[in-house]
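Novice: Can you look at this prediction? I've put the sequence above it.
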Amino acid sequence: QVQLVESGGGLVQPGGSLRLSCTASGRTFSAYSVGWWRQPPGLEREFVAVISWVGGTTRYAGFVQDRFTISRDTAKNTVYLQLNSLKPEDTAVYYCATSPSGGFYTYEYRDWGQGTQVTVSS
């Protein structure tokens, strides 16, 4: 089993940027995909982006609209989510998780981190 730790969240003004990190311990991401999800206050968890560990293929949710970028550093066993042009509606707890399939549904994801809070407010 892999342990995932997210970091990089915080309070940012609208239009600002943050970079979230997801680091694995226990084993490497290996052949899995790594996804970022978020859960806004009072709402269900929703898919944000996913990257395949082998090859680096990426997919994004429609609401991202080129504002977010997912990337990986294989040497550091870390996946990043760059958040730009942040809006108040991006306020959520952001989670990373591993998946053998890299799909859009929560049941496809196995190991989850504890989440990192992103708050966008003036």
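Specialist: That came in fine, so what should we check first?
Novice: Phe47 sits in which helix or strand?
Specialist: strand 46-52 (DSSP states H and E).
Novice: Report all helices and strands that the helix or strand just after that strand contacts.
Specialist: Next helix or strand after strand 46-52 toward the C-terminus (DSSP H and E): strand 58-60. Applying 3 or more CB pairs under 8 Å, 6 or more residues apart in numbering; DSSP states H and E, one finds that strand 58-60 makes contact with strand 46-52, strand 68-73. Glycine gets a C-beta too; all of them are placed from N, C-alpha and C.
Novice: want to try TSV for those strands, with mean pLDDT and distance to Thr58 as columns?
Specialist: Listed next are the helices and strands packed on strand 58-60 as TSV, based on pLDDT from 0 to 100; distance: least, CB to CB, whole Å:
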stretch	mean pLDDT	distance to Thr58
strand 46-52	97	5
strand 68-73	97	5
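Novice: Just say which of these is most tucked in.
Specialist: Highest mean neighbour count among the helices and strands packed on strand 58-60 (mean count of other CB atoms under 10 Å): strand 46-52, with a mean of 21.
Novice: what residues does it touch?
Specialist: Contacts to strand 46-52, defined as CB atoms under 8 Å, 6 or more residues apart in numbering, come from residues 33-40, 57-61, 64, 68, 70-72, 79, 81, 94, 99, 102-105.
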